[in-house]
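Visitor: just need the structure, nothing else, for what follows:
(one chain, ligands or ions: 1)
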Amino acid sequence: MRHDHLITSKQLSRADIETVLDRAAEIDDDPSAVADRHANRLLGLLFFEPSTRTKMSFETAMKRLGGDVVDMGSVESSSVKKGETLADTVRVIEGYTDALVLRHPKQGAATMASEFVDVPLLNAGDGAGHHPTQTLLDLYTIRENAGLDDLTIGIMGDLKYGRTVHSLAYALTNFDARQHFISPESLQLPREVVYDLHQADGGAGIREHDSLEEVLPSLDVLYVTRIQRERFPDEQEYQKVAGEYQIDMETLEAASDDLTIMHPLPRVDEIAPAIDETECAAYFEQAHNGVPVRMALLDLLLREGGDDDE
Ligand code: NCD
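Guide: All right, here's what the predicted structure looks like:
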C-alpha cells in the first residue's frame with residue numbers, strides 16, 4: 001500500500017483493503033510480534049469534534065506498536081480558541097510527530113489540511129464527508145462475520161450526514177456486494193454519492209428503500225447508524241425523523257438466523273439493548289476491531305515513511 005494521506009475510502013483499491021485487513025488479522029493473532037515495532041514514533045491527535053472510540057483506539061494502537069501519541073486536547077484548551085487556522089495548526093504539529101490523525105466538523109477539512117503537511121495524515125471524520133479508517137474496521141468485521149464475497153448488506157439510518165456510511169459504501173464497490181440503503185426520504189444518500197456508486201459498481205448492487213421490511217430477510221449484514229443530530233441545520237427537522245428506525249427483538253423475527261448487526265457507535269436508540277445478548281450483535285466486537293486495524297494501518301504507513309525494514 002502506498003498512500004501518503006488517507007482522506008477517503010475512494011483512494012483504496014481492493015488490494016489495499018486486503019493488505020490492511022490481512023495485516024490486522026496477523027496482529028490480532030499475535031500482537032506481541034509488533035509490540036516494539038514503532039518505538040520512539042509519535043502520532044499527533046487533532047480532534048476538533050467529540051470522539052471516544054476513534055481517538056482512544058488510535059491511541060491504543062500506537063501504544064501497542066511501541067510508540068506514543070501527542071494530543072492537541074480540546075478545541076477549548078488549544079490555540080484554535082485564539083483564532084489559529086487549521087493550516088497553521090497542522091503545520092506546527094507535523095513538526096512534532098511522524099503522522100497525524102485529524103477529525104474536524106467541516107467536510108473537506110482533511111483534504112485541505114493534507115495539502116500543508118508531509119507526514120501521513122489520516123482523516124478520522126470530516127463533517128458529513130468521510131471516515132475511511134472506520135471503514136477498514138467495518139470491512140474487517142464484515143469479513144470475519146459474513147465474508148466480503150457475495151455479500152448482501154443493508155445500510156440504514158442517516159445516510160445523508162453519516163460519514164461512516166459514505167466511506168463504507170464506496171469501499172464496498174470493490175467487492176461483490178449488493179447494497180440496500182434504507183432511510184427516510186429526507187436522509188437519503190446525497191445524490192452525488194449515489195451517482196458515484198452506480199458508476200463504480202456498474203449499477204447492479206445499489207438499491208434505495210424507505211422501509212427495512214422488504215429487504216430484511218435477504219440481508220447478511222445490517223449496518224445501523226445514528227441520526228447525526230449535530231449536523232442538522234434545524235432542530236425541528238431532526239425531531240421529524242428522530243427514532244424513525246429502531247431495531248428490536250421483534251424486528252429480528254423476519255431476519256435470517258445468521259444476520260450480523262453492526263453499528264459504528266455511539267448508538268442512541270437505534271438498537272434495543274436486548275439485541276446485545278443475541279448472536280447477531282457484532283457492534284462491540286466491531287469497536288474492538290478498531291485497535292488491530294488501526295495498528296495495521298499505522299504499521300504500514302509508518303514503515304513506508306520510515307527507514308525500518310521487515
Ligand atoms: C461515528 C462518527 O464519528 O462518524 N463514530 C465513530 O467514529 N465510531 C459515528 C457517529 O458519530 O454516529
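Visitor: burial count for the closest residue to the ligand within the stretch 1-150 of the chain?
Guide: The stretch 1-150 of the chain approaches the ligand most closely through residue 54 (4.3 Å), counting by Cβ to the nearest ligand atom. Where you see a C-beta, it was placed from the backbone N, CA and C, and this is true even at glycine. Using other Cβ atoms under 10 Å, residue 54 has 25 neighbouring residues.
Visitor: OK, contacts around residue 150?
Guide: With contact set as Cβ atoms under 8 Å, 6 or more residues apart in numbering, residue 150 has these partners: residue 176.
Visitor: tell me the spacing between it and residue 111.
Guide: Between residue 150 and residue 111 the distance is 34 Å, computed by Cβ to Cβ, to the nearest Å.
Visitor: same check, this time on residue 238
Guide: Note on residue 238: its distance to residue 111, by Cβ to Cβ, is 27 Å.
Visitor: do stretch 183-198 and the ligand meet?
Guide: No: residues of stretch 183-198 contacting the ligand under Cβ under 6 Å from any ligand atom: none, with a closest distance of 12.7 Å.
Visitor: and the helix or strand containing the residue of the stretch 1-150 of the chain closest to the ligand, how far out from the chain middle?
Guide: Counting by DSSP states H and E, the element that carries residue 54 is helix 53-64. Its chain's average C-alpha position is 14 Å from that of helix 53-64, according to Cα atoms, centre = their mean, to the nearest Å.
Visitor: okay, buried residues for that helix please.
Guide: For helix 53-64, a neighbour-count test (16 or more other Cβ atoms under 10 Å) marks 53, 54, 55, 57, 58, 59, 61, 62, 63, 64 as buried.
Visitor: how about the first one, nearest residue that isn't a chain neighbour?
Guide: With Cβ to Cβ, 6 or more residues apart in numbering as the criterion, residue 53 has its nearest non-adjacent residue at 5.3 Å, and that residue is residue 287.
Visitor: and what of the third one?
Guide: Distances taken as Cβ to Cβ, 6+ apart put residue 47 closest to residue 55, at 5.5 Å, once the chain neighbours are dropped.
Visitor: no further questions, thank you.
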